[in-house]
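Asker: Got a sequence here, can you model it:
(one chain, ligands or ions: 1)
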Amino acid sequence: MKKKQLEMMLERLEGFSKPSFAREQYSTPASVAAELLFLAAMHNDLGRVCDLGSGTGVLAIGAALMGAQAVGVEIDRDALATARKNADKLGADVDFIRADVKSLELRGIDTVVMNPPFGAQKTSEGDRAFLSCAQRIAKRIYSLHNRGSSHFIKKYIYPNLVQEAYCIPFPLKRCFEFHSHDLKMIEVELYRITCGDCSDCGDCSDSGD
Ligand code: SAH
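Answerer: Numbering: from 1, shown residues only. As a prediction, the model looks like this:
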């Protein structure tokens, strides 16, 4: 499948019906989801994939459409219902489960894909709980973060390693009342993180420092 084809399919998905401000429920735009998933595909990382905070399902569904065995983990019941509907709509086989990333234990996952809450709200712990969970369950992580997160991420995940980081355009659609534009272009950072302590993955050995 071509990246543009995947993007067009993911554009058909429904977003959050009543987005929660406290949980920072922003859907990943189809173009960004396709970018993240094609980076993972290029590294052969779309085996057993878990989408943490799967929301309405765009990353998990996209991964399944690209041949992954996909699981979506989400705390919000309404979002899960929409995600299941979205998967049916595109004929994607995804296992969506309700759980909190803070206590999630899941075996047999190769790769985590995620667009975690950025921690912009005081009520949110932001991306920390997500990064911790991702590192607990998988050796590969593809994750979206606020611009300027590089220093924090590298420190937080040590001894795991940032192997690649890209700044990518993120078309943010108006979803809360305080948003003054229907569409605002922002930039986010896409990270590829791998384990820093094994010798069999091929990534750790050539990581330099
Ligand atoms: N992955 C989706 C949604 C991103 S928004 C997408 O890319 O479009 C972040 C999501 O994380 C929201 O759906 C929110 O409900 C969920 N979330 C927030 N805290 C969570 C927690 N502790 N455990 C599981 N999911 C959580």
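
Asker: Quick check: phi and psi at the residue most central in space within the chain.
Answerer: Centroid check for the chain by CA atoms, centre = their mean gives residue 114 as the closest residue, at 1.5 Å. Residue 114 adopts backbone torsions of phi -160, psi 150, taken as degrees, to the nearest 10.

Asker: That one contacts residue 49, correct?
Answerer: No: counting by CB atoms under 8 Å, residue 114 sits too far from residue 49 to count as a contact (10.4 Å). All C-beta atoms are positioned from the backbone trio N, CA, C, and that covers glycine.

Asker: picking up where we left off before, bridging across strands, which residues link to the residue nearest to the centre of the chain?
Answerer: When bridges are called by DSSP bridges, residue 114 pairs up with residue 52, residue 143.

Asker: got the residues of this protein near the ligand?
Answerer: Contacts of the chain with the ligand, taken as CB under 6 Å from any ligand atom, map to 23-28, 51, 53-56, 58-59, 73-76, 79, 100-102, 115, 117, 129.

Asker: Could you tell me which of the residues you listed belong to strands?
Answerer: Residues of the residues of the chain next to the ligand located in strands (DSSP state E): 51, 73, 74.

Asker: related to what we said a few turns ago, so what sits against both of residue 114 and residue 49?
Answerer: Shared contacts of residue 114 and residue 49, defined by CB atoms under 8 Å, 6 or more residues apart in numbering, are absent.

Asker: Show me where this structure has its strands.
Answerer: Assigned by DSSP E, the chain shows strands spanning 48-52, 69-74, 94-98, 111-114, 140-146, 161-173, 183-194.

Asker: Deepest-packed of those, please.
Answerer: Ranked by mean neighbour count, the strands of the chain are led by strand 111-114 with a mean of 28 (mean count of other CB atoms under 10 Å).
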